[in-house]
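Participant: Following is a predicted model, sequence given first.
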Amino acid sequence: MGNIDKMERMVHGNRLAFFTVLFAQILPAQAPQEKRPSVSGTVVSSSGEMLKKAQVTLRRTDVQGEAGYIASTDAAGVFRFTDVDPGRYGIFGRKAGYVSKQFRGSTFTLISGQELTGVVIKMLPQGVISGKVTDADGDPVYPAMVQVLTPRYFRGKRQYQAVMGTAVNDLGEFRLANLAPGPYLMSAMSQTRTPGLIRAGAPKGAPEENYTPTYYPGGTDAAQATPIVVTAGSNLRGMDIRLQKMRTYHVRGKVMDAVTNLPVRDAFLNLLPAEGGGFEGPPNGNAVRNAAGTFDIGGVPAGSYILMINSQNTATQQLVDVPGESVDDLIALVKPALQLSGSVTVDGNETVDFRSMRFLLEPVMGRNSGMVHIQPKPDGTFDQPNVSATKLRLQVLELPDNAYLKSVRMGTKELAGAVVDLSGGVAGPLEIVIGAKPGQISGTVKDARQELAPNVNVIVAPDSSRRDQLHLFKQIMTDQNGSFTLKGIAPGEYTVLCWENLEDGAWQDPAVLAKYESKGIKVKVEEGGVETAQVKMISAEDTQ
């Protein structure tokens, strides 16, 4: 019996050895795993001090929804990310008392096995503005809101837009921190509004005076405001704003359905200054929640405004003038949302991938309400529901390098400036015509010392007759050798320019271009043509 058991164990062991050898022969040898990328560097102050306990964030820029990575610097200001997914990233630093900062190299691509070292994030000490909001007698105004505004360009126009705001405390005091160096305007506005209420002792319809948005130190016109210059680490105290009162009026009326001519009982209205296309100045809103569709917007200074009407999944705009007296019996028309169908077509027999194209229809006037994103189907067609019945401008968000926007048509009519006027309804299918033989401009940029200029912006601006077509402007950054190549350029005449220091978007301002285009290089691009331009950078001194 013992011998039988011993033989069975020997047979079982031989079978196991056989199968082990067999599996070893069948399974292929696993390839060694590639080492994943790593990133390391330091966070330093503008004076060179290593900053400990700074928070560093690494985020993907080529994939949406990725959580990213986070690390803190050690006592020597050093951070390190290991085992990172390959891809394109942006890196940011944050520390209390310093302005949040992105690495000067902007974005970079990590490949398998790469060890990116020596990344230096320089952080500037934050600027701080503090003060009080008072009335004409010097008493605190509460509640109130204070904002700092910085110049920004939008659609080629320079405007001041709020970048930070805070509420005052019960003493009227405020503190605005984490400000980067630069010039700012500062404004304050009372948050006590009493629309529709009659001041005690005043007859109905009597002239009203209300606090109006006031700019430091005490004016009501942004153009006459005194800029506050913030430097790194500055702490500007006592920047008090004395709120001003001015004569204000009411805008009253009804919201009506343009089709049924019946009142609309569910709408939201916003009255915005028309100057600047409705982007500057605080909104003055009013919700309509009554069966009669009536509204009363109070505290409105004299001027021209854009009335934004949001209701029934659509946004409508109309101009309203307040001429120094209240506006009564205004009819705010809500037009039904439209169904816009169309197609993207290619001029010629070239093959273009429609899936890589994205377009935007945005209101010609007003804020971003009513924007329509167009993503063509694989066959180039699109169907857009809930499109506002207003004037819209077609903008190009994304096109492949082998394509350019050639024309825009509605039915048989070619639309000048790519403006799609739907205020009277849809006159036919929208056709976006793509040219498949764009031009190209390549070249280099040199500075005043005739040295190649890396990492500077190159701008290609169309001739003056086409500067209302913002999609014709092109922008690219030179590489480490000061070289650039711009593709996807529509045929026509252009000026190639480069500034050492210019506000972002200023190159779309016709006045700025008229001042500097003589310093650029004129280029005429033919369909499918390849042009070159050796550009001299306009120095910061010449931009003053």
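Facilitator: In hand now; what should we look at?
Participant: From Lys413, how far off is the residue nearest in space to the middle of the chain?
Facilitator: Central residue of the chain (C-alpha atoms, centre = their mean): Phe154, 9.5 Å from the mean position. Noted for Phe154: a distance of 28 Å to Lys413, by C-beta to C-beta, to the nearest Å. Glycine gets a C-beta too; all of them are placed from N, C-alpha and C.
Participant: how far does stretch 352-371 stretch from start to finish?
Facilitator: According to C-alpha to C-alpha, to the nearest Å, stretch 352-371 extends 26 Å from its N-terminal end residue to its C-terminal end residue.
Participant: same question for that stretch, mean pLDDT?
Facilitator: If you average the pLDDT over stretch 352-371, you get 82.
Participant: Flag the shaky bits of the stretch 301-450 of the chain, pLDDT-wise.
Facilitator: Counting by pLDDT under 70, the ranges of the stretch 301-450 of the chain that qualify are 366-369.
Participant: Just the helices from it, written as ranges.
Facilitator: Under the criterion DSSP state H, counting those that start in this stretch, helices are not mapped anywhere in the stretch 301-450 of the chain.
Participant: Show me where it has its strands.
Facilitator: For the stretch 301-450 of the chain, strands defined by DSSP state E, counting those that start in this stretch occupy the ranges 303-311, 314-322, 327-334, 338-347, 358-363, 372-374, 381-387, 391-398, 404-410, 413-414, 419-421, 430-435, 439-446.
Participant: follow-up on the earlier one: who is the residue nearest to the centre of the chain paired with across the strands?
Facilitator: Counting by DSSP bridges, Phe154 forms beta bridges with Lys157.
Participant: for Asn286, same thing?
Facilitator: In this structure, Asn286 bridges to Leu269 when assessed by DSSP bridges.
Participant: Could you count how many residues lie near it?
Facilitator: In terms of burial, Asn286 registers 20 neighbours under the definition other C-beta atoms under 10 Å.
Participant: And the pLDDT at it?
Facilitator: Taking Asn286 on its own, its pLDDT is 77.
Participant: residue contacts, it?
Facilitator: When contacts are counted by C-beta atoms under 8 Å, 6 or more residues apart in numbering, Asn286 is found next to 195, 268-269, 271, 295-297.
Participant: and it, how far is that from Met308?
Facilitator: Asn286 sits 11 Å away from Met308 when distances are taken as C-beta to C-beta.
Participant: what do you get for Leu405?
Facilitator: Leu405 is 28 Å from Met308, by C-beta to C-beta.
Participant: ok, longest strand in the protein?
Facilitator: Secondary structure assigned by DSSP state E gives strand 244-257 as the longest strand of the chain.
Participant: buried residues in that one?
Facilitator: Of the residues in strand 244-257, 244, 248-257 count as buried by neighbour count, 16 or more other C-beta atoms under 10 Å.
Participant: Quick check: of those, which lies closest to Val535?
Facilitator: Within these, proximity to Val535 (C-beta to C-beta) peaks at Gln244, which comes in at 48.0 Å.
Participant: For beta bridges, what are the partners of that closest one?
Facilitator: Per DSSP bridges, residues listed as beta-bridge partners of Gln244: Thr212.
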